[in-house]
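K.L.:
Generate a structure from the sequence data that follows.
(one chain, ligands or ions: 2)
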Amino acid sequence: MYRARAYSASSSTSPLASDTIARREPTGRDVQIEILYCGVCHSDLHYVRDEWHDAMPAVYPCVPGHEIIGRVTRTGPDVGALRAGDLVGVGCLVDSDHDCPNCREGLEQFCPNMVLTYGSPDSHGTAPVTYGGYSDSVVVDERFVVRIPSNLDPAAAAPLLCAGITTYSPMRHWRVGPGKKVGVVGLGGLGHMGVKFAHALGAHTVVFTTSESKRDDAIRLGADEVVLSKDANRMKAHAGSFDFILDCVSANHDVNSYINLLTRDGNLTLVGAPEKPLPVAAFALIFGRRSLSGSPIGGIAETQEMFDFCGQHRITSDVEVIPIQKINEAYDRLLRSDVKYRFCIDMASLRSE
Ligand code: NAP
Ligand code: ZN
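P.N.:
Ligands and ions are numbered 1, 2, ... in the order given. I've put the predicted structure just below:
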């Protein structure tokens, strides 16, 4: 066991602050990673402030962060292909049971025994729970580590580990591609990746935003059209026309107004996870046999597939790189939808503290 530096929160109302945490020494198939960058996901904020208490109560102290990019520094004796110096990524999962039907299909995100990067019981017993990437290092089983294509900027690639795979996976599942009309609701960290993927997959892409100021960016990111969601006439003009809508909104909003935009058999997938349940109008689904579903992150094989796709298409996130000392300010800005389009922590700022 060794002590790593980290930023942790000690309660749902405390700011994140400098701390040290216990990490295990790399054994077996473990790799130790020096963290270079970690993206800031709205899930980090929901979790730290215990907004998901009923589904996933927070355990304190908590160290969030599941968009980790770093270099391998040490390897356990049974590690296969990874070597010290390799540029690698770790997303929302650090382990699973490897044995259930989901794991056998490479869908670890549905494993009943999956271990989240932060807040899951630590099966190694090093600490009460797992600690995430707002830290200078992490130790992870190599099976949950992906390779980063060398042509991608590491800071801009970090958000692919959650915002990227969470939007890529449902788009692949629902067969987003040429000839499909696709909506992306909420132009934040997830939404802006959703726009890039829908565009790269060849769909006609429409962004729904509450922020007039994001209109030009939405087009630059790959949208064919932008609709201000408070403009009732523009919303009505799209009624019954979408094959697929990805809802990336972090707060309560009227999901029925988007279900009504779906075509017959169209699907709206929720990836946004607001604190409170969203009311759903039965008739919005019944007329048109539309469906409403959700989707969690993605499996490891699909995450690697997404990175390879991003390497080929030169897709990364638009990041605002921040020192870790600005993390509490970044959370306040997330709540004001003031992020273009992902905060990413430069972990050199933690080492120089
Ligand atoms: P984010 O960067 O804060 O973006 C959220 C966007 O939602 C905002 O930029 C804003 O877009 C829109 N929005 C915010 N408040 C709104 C309101 N009151 N009404 C309507 N729109 C509003 O957050 P993120 O990191 O992308 O995460 C988005 C959500 O996905 C969070 O709930 C997060 O926990 C969840 N998430 C889920 C998964 C999963 O596996 N399913 C994975 C990661 C994250 P506009 O300014 O364009 O309106
Ligand atoms: Zn996330």
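
K.L.:
Phi and psi next, for residue 321.
P.N.:
Reported as degrees, to the nearest 10, the phi and psi values for residue 321 are phi -80, psi 130.

K.L.:
ugh, typo on my part, it should be residue 29
P.N.:
phi -100, psi 20.

K.L.:
Return the residues of the stretch 51-200 of the chain in contact with ligand 2.
P.N.:
Contact residues (C-beta under 5 Å from the ion) of the stretch 51-200 of the chain with ligand 2: residue 162. All C-beta atoms are positioned from the backbone trio N, CA, C, and that covers glycine.

K.L.:
Run through the residues that contact residue 32.
P.N.:
Going by C-beta atoms under 8 Å, 6 or more residues apart in numbering, residue 32 touches 25, 26, 72, 73, 74, 75, 137, 138, 139.

K.L.:
at contact distance from ligand 1, anything in stretch 119-136?
P.N.:
No: legend: contact between stretch 119-136 and ligand 1 by C-beta under 6 Å from any ligand atom is lacking; minimum distance shown is 13.0 Å.

K.L.:
end to end, how far does that stretch reach?
P.N.:
18 Å (C-alpha to C-alpha, to the nearest Å).

K.L.:
In the stretch 101-250 of the chain, which residue sits nearest ligand 1?
P.N.:
residue 188 (1.8 Å; C-beta to the nearest ligand atom).

K.L.:
Distance check, that residue against residue 279.
P.N.:
Distance, residue 188 to residue 279, using C-beta to C-beta, to the nearest Å: 22 Å.

K.L.:
And the residue of the stretch 1-150 of the chain closest to ligand 2?
P.N.:
Nearest residue of the stretch 1-150 of the chain to ligand 2, counting by C-beta to the ion: residue 41, 2.9 Å away.

K.L.:
Now that that residue has come up, it's in contact with residue 47, right?
P.N.:
No: using C-beta atoms under 8 Å, residue 41 is not in contact with residue 47; the gap is 9.1 Å.

K.L.:
list residues touching both of the two?
P.N.:
Common neighbours of residue 41 and residue 47, using C-beta under 8 Å, 6+ apart, are residue 64.

K.L.:
What number of residues are in the vicinity of the residue of the stretch 101-250 of the chain closest to ligand 1?
P.N.:
Residue 188: 25 surrounding residues under other C-beta atoms under 10 Å.
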